[in-house]
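K.L.:
Following is a predicted model, sequence given first.
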Amino acid sequence: KSQKFIKAMKLSSKLNMTNMMLITPTNTSLVTKFPTPVSLIQDFFKIRLETYKKRKAYIMNELRADFTKLSNQAKFILEFVEGKLIISRRKESEIAKDLVSRGYKRIFKKKKKDEGAQEEEEHEDTSLEGYDYLVSMNIRSLTLEKVESLRQKLMTKKTELEKLEKTSPEDLWEADLVEF
């Protein structure tokens, strides 16, 4: 009965799967003919897996950058609170030299894609360029409580990074599929 109803209402139709043509980035020609649905899916899997590999690398780089920034901030605040690093009543060039000698990494704001690729330029040891994330911190954040807060964030980032390093691109993809 239900088959008659579906046919009478034209709720189903047949698709021809012998002439599947798609534009794909994997083939050098503009259009690729897929003889079966399985071959199309296999081609899609290759492309999608490469995308997940790039995604994993990007996320890992972002986590490493966040980890470096947080660890430098914690170190900076701790040295400031302990009196090892003097900021007040000093010239910027002296502060910059001090930061370089203590091993603080310069971190620059990312440029937009349309402005070109981000290049890490060499800066003089006397310039505070790249240290804005340290020297522009609010006075209220230069406390031991903030150091503890940053250490907790560091542990979280470290855990995330270790978890991501152990996760394969295939597992990332599977987790996304389960989530949605």
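P.N.:
Everything's here; your move. Remember, it's a predicted structure, so these values are computed and weren't measured experimentally. Residues are numbered from 1 along each chain as shown.

K.L.:
can you list the weak-confidence ranges in this protein?
P.N.:
Counting by pLDDT under 70, the low-confidence segments of the chain come to 26-29, 112-125.

K.L.:
All the helices of it, residue numbers only.
P.N.:
2-8, 37-82, 92-101, 132-135, 144-166, 169-179 (DSSP state H).

K.L.:
Check the offset of stretch 92-112 from the chain's centre.
P.N.:
Its chain's average C-alpha position is 22 Å from that of stretch 92-112, according to Cα atoms, centre = their mean, to the nearest Å.

K.L.:
excluding its backbone neighbours, what's nearest the spatially most central residue of the chain?
P.N.:
A centroid search over the chain (Cα atoms, centre = their mean) returns residue 59, at 3.0 Å, as the residue closest to the centre. Distances taken as Cβ to Cβ, 6 or more residues apart in numbering place residue 164 nearest to residue 59, at 6.2 Å, with adjacent residues excluded. Where you see a C-beta, it was placed from the backbone N, CA and C, and this is true even at glycine.

K.L.:
Quick one: neighbours of the one you found, just the number.
P.N.:
Close neighbours of residue 164, defined as other Cβ atoms under 10 Å, add up to 13.

K.L.:
ok now do it, which residues does it touch?
P.N.:
With contacts defined as Cβ atoms under 8 Å, 6 or more residues apart in numbering, the neighbours of residue 164 are 56, 59-60, 63.

K.L.:
Of the residues you listed, just say which sits nearest to residue 135.
P.N.:
When those are compared for distance to residue 135, the smallest value, 24.3 Å, is given by residue 63; criterion: Cβ to Cβ.

K.L.:
That closest one reaches residue 156, doesn't it?
P.N.:
No - if you go by Cβ atoms under 8 Å, residue 63 and residue 156 don't touch, sitting 10.1 Å apart.
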